[in-house]
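Novice: quick one: sequence plus predicted model below, questions after.
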Amino acid sequence: MGIWLPGDAVNAASVALCMPSYYPACADRGANSQPHLRIALQIDSHFAKTRKSAKKKKSLTDCFYCLYLESSGGLMLAPVSHVVFKWPPLMALTNTALLLIGFQNDYFAPDGILHSVLEDTEQLNKVRDNTLTLLDTIGTEFGRVISTPIIFSPGYEELTRPVGILKTIRDVGAFQFGSPGSETIPELAPYRDILEHIPGKRGLNTFSNTRLAQTLHNHAIDHLVLVGAVTSICIDSTARHAADMGLKVTVLSDCTTGRTRAEQDFYCQNVFPLYASVLTQEELIEAHPASNPAVRCSA
């Protein structure tokens, strides 16, 4: 596989090391010669404009070059004769945390107290299934996988003069400590070895009243991927706070849900792109080096 070097090089260019042992066409295979190491550089100052053509897997040979590292130590720069790359560019997940918000029975269980608040049941089920697929495929690759449940004492002493969704939660008795509705959905049980639960959430912003920020700092996390519910409330408030902290933020559109389909679409198309990246779980999986190398080169 390729080795991905994160970071911006040459105008936000994507950089990958193509090891000849995995890309035989990238090596000089003379009888006594040592394989050469090629560094494929995507030199593209108009990267965003190439996204549409990249998705169609078109060759972009006019803006790609290979830097040959000769066994003698010399360097040679030459155009790549055939390069295909996929959007999004590869990303390592060592410094990325996957943040699960709201994966509790009161939202996701058919008899959950707030299940009916999320009108798009089809999307809600897809959020669960797509998140499980993400965990199955690359869950162990994340630097941290964190769940931040919202739980209140039986008397809701934590809420003083609540309005909006928090008032609704109190009035209907949702997310009470010790109740089945406050528990994490059972589908996440198989991932207990990689899933860290951070308690303390009492409001919309997952960073408020929790040790989330300290946990991310302690593990050198600089990128946050958000999944869960509800898009217009906890996802948005948490994502904005993370962006203000200087973290890179990605929202997975098919792993989050709003109260309605229109709300979900509006936030993913018009709000999140103002301060975060918006991807699908499939795009995130494809962007991981272990799943799908972004650059293939041949002589």
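Specialist: Right, received. Where do you want to start? Numbers count the residues shown, from 1 in each chain.

Novice: residues near Pro190, how many?
Specialist: When neighbours are counted by other CB atoms under 10 Å, Pro190 registers 13. Glycine gets a C-beta too; all of them are placed from N, C-alpha and C.

Novice: cool, and the one 3 residues further on?
Specialist: Burial of Asp193, expressed as a neighbour count using other CB under 10 Å, amounts to 8.

Novice: name the SS class of it, please.
Specialist: coil (DSSP: H, G, I helix; E, B strand; the rest coil).

Novice: where does the stretch 151-299 of the chain dip in pLDDT?
Specialist: Residue ranges of the stretch 151-299 of the chain with pLDDT under 70: 289-299.

Novice: 90 instead?
Specialist: 286-299 (pLDDT under 90).

Novice: Leu100 against Ile150, yeah?
Specialist: No - between Leu100 and Ile150 no contact is recorded; they are 11.9 Å apart, counting by CB atoms under 8 Å.

Novice: quick one: the helices in the protein, in order.
Specialist: 51-55, 105-108, 121-138, 164-172, 212-218, 236-244, 261-266, 281-286 (DSSP state H).

Novice: what packs against the last one?
Specialist: Put plainly, it is helix 281-286. In terms of contacts (3 or more CB pairs under 8 Å, 6 or more residues apart in numbering; DSSP states H and E), helix 281-286 is packed against helix 121-138, strand 248-257.

Novice: so which bits of that helix are buried?
Specialist: In terms of neighbour count (16 or more other CB atoms under 10 Å), helix 281-286 has its buried residues at Gln281, Glu283, Leu284, Ile285, Glu286.

Novice: please apply the same query to the fourth one.
Specialist: For helix 164-172, the buried set under the neighbour-count rule, 16+ other CB under 10 Å, comprises Ile165, Leu166, Ile169, Arg170.

Novice: circling back: Leu100 and Ile150 - which one has more neighbours?
Specialist: Ranked by neighbour count (other CB under 10 Å), Leu100 and Ile150 place Leu100 first, with 27 against 22.

Novice: bridged to the closest residue in space to that one that isn't next to it in sequence, which residues?
Specialist: Once flanking residues are discounted, Leu100 sits nearest to Ser147: 4.4 Å by CB to CB, 6 or more residues apart in numbering. Counting by DSSP bridges, Ser147 is bridged to Leu100, His197.

Novice: for the remainder of this discussion, apply numbering that starts at 7.
Specialist: All right, first residue 7 from here; so that's Ser153.

Novice: contact partners for Ser153?
Specialist: Leu106, Phe109, Thr190, Leu194, Leu201, Glu202, His203, Ile204 (CB atoms under 8 Å, 6 or more residues apart in numbering).

Novice: pull up the gap between Leu120 and Arg265, please.
Specialist: Leu120 sits 10 Å away from Arg265, going by CB to CB, to the nearest Å.

Novice: again but with Asn111, I slipped
Specialist: Distance, Asn111 to Arg265, using CB to CB: 18 Å.

Novice: equivalent analysis for Thr146, please.
Specialist: 33 Å.

Novice: so these two - more neighbours on which side?
Specialist: Using other CB under 10 Å as the criterion, Thr146 and Arg265 rank with Arg265 on top: 18 against 13.

Novice: surely the more buried one and His121 touch.
Specialist: No - at 11.6 Å, Arg265 does not count as touching His121 under the criterion of CB under 8 Å.

Novice: figure out which of the helices and strands packed on helix 287-292 is closest to Gln275.
Specialist: strand 254-263 (8.9 Å; CB to CB).

Novice: list the buried residues for that closest one?
Specialist: Buried, per 16+ other CB under 10 Å, within strand 254-263: Lys254, Val255, Thr256, Val257, Leu258, Ser259, Asp260, Cys261, Thr262, Thr263.

Novice: over to stretch 141-148?
Specialist: Leu141, Thr143, Ile144, Gly145, Glu147, Phe148.

Novice: do stretch 275-287 as well
Specialist: Using 16+ other CB under 10 Å as the test for burial, stretch 275-287 gives Val277, Phe278, Ala282, Ser283, Val284, Leu285, Gln287.

Novice: hmm, who's touching that stretch?
Specialist: The contact list for stretch 275-287 (CB under 8 Å, 6+ apart) reads 94, 136-137, 139-140, 233, 242, 245-246, 249, 254-261, 274, 293.

Novice: what's the neighbour count on Gly234?
Specialist: 26.

Novice: ok, now which ones touch it?
Specialist: The neighbours of Gly234, taking CB under 8 Å, 6+ apart as the test, are Leu105, Leu106, Ile107, Gly108, Phe109, Val133, Thr137, Cys240, Ile241, Cys261, Thr262.

Novice: many thanks, I have nothing further to ask.
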